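*Asks:* coordinates for the following, if possible.
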Amino acid sequence: QVQLVESGGGLVQVGGSLRLSCAASGLTFSRYTMGWFRQAPGKEREFVAAIGWSGGSTYYSDSVKGRFTTSRDNAKNTVYLQMNSLKPEDTAVYYCAAGIIRFSSDYLNHRKYVYWGQGTQVTVSS
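*Replies:* Purely as a prediction, here's the structure:
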């Protein structure tokens with residue numbers, strides 16, 4: 001079966017960095033767009049970033065643009081989210097997700113993603 005397993009979350013101070021990883025198995029990874037979403041307590045799930053199947057296209061929410069970078073290694077079936085200059089408002093559970101998405105305008109839509117990881121907690125303390 002398909003599994004997406006996130007790792008790398010934790011507690012970090014304001015201005016610090018974390019690198020999340022998401023290891024995929026049970027699917028042809030290179031066919032899938034990979035997305036990152038997050039959900040803070042009492043808030044709706046929020047799009048963070050996405051990367052196309054080849055890694056040639058990336059998309060970011062305005063709230064993380066310039067601070068976060070997503071990348072992928074198709075040989076390792078892994079996608080990454082490098083998070084720099086972290087802020088308290090970045091505190092959330094972060095999820096990776098996989099979907100075969102044809103149009104980049106759909107990258108932000110969580111309904112277009114078929115498989116989801118269990119999430120990893122990121123806490124930014126001030």
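
*Asks:* where along this protein do the strands fall?
*Replies:* Ranges of strands in the chain, per DSSP state E, are 3-7, 10-13, 18-25, 33-39, 46-51, 58-60, 68-73, 78-83, 92-99, 115-116, 120-125.

*Asks:* of all those, which one is nearest residue 109?
*Replies:* strand 46-51 (8.0 Å; Cβ to Cβ). To be clear about C-beta, it is placed using only N, CA and C from the backbone, and glycine gets the same treatment.

*Asks:* give me the helices and strands touching the closest one, please.
*Replies:* Here strand 46-51 touches strand 33-39, strand 58-60, strand 68-73, strand 78-83, going by 3 or more Cβ pairs under 8 Å, 6 or more residues apart in numbering; DSSP states H and E.

*Asks:* make JSON lines from the ones you listed and add distance to residue 103 to it.
*Replies:* Converted to JSON lines, those look like this (distance: least, Cβ to Cβ, whole Å):
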{"stretch": "strand 33-39", "distance to residue 103": "10"}
{"stretch": "strand 58-60", "distance to residue 103": "12"}
{"stretch": "strand 68-73", "distance to residue 103": "18"}
{"stretch": "strand 78-83", "distance to residue 103": "20"}
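
*Asks:* out of the ones you listed, which comes closest to residue 101?
*Replies:* That would be strand 33-39 among the helices and strands packed on strand 46-51, by Cβ to Cβ, at 4.3 Å.

*Asks:* could you dump that closest one to PDB, C-alpha only?
*Replies:* Extracted in PDB, the C-alpha atoms of strand 33-39 (Å, rounded to 0.1, in the frame of the first residue of the first chain):
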ATOM      1  CA  THR A  33       3.000  16.100  -7.800                       C
ATOM      2  CA  MET A  34       4.000  16.400  -4.100                       C
ATOM      3  CA  GLY A  35       2.400  19.000  -1.900                       C
ATOM      4  CA  TRP A  36       3.000  20.300   1.600                       C
ATOM      5  CA  PHE A  37       0.100  21.500   3.700                       C
ATOM      6  CA  ARG A  38      -0.200  22.500   7.300                       C
ATOM      7  CA  GLN A  39      -2.900  22.800   9.900                       C
END
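
*Asks:* ok, and what's touching that strand?
*Replies:* 20, 22, 24, 45-53, 70, 72, 79, 81, 90, 92-101, 107, 110, 113, 119, 122 (Cβ atoms under 8 Å, 6 or more residues apart in numbering).
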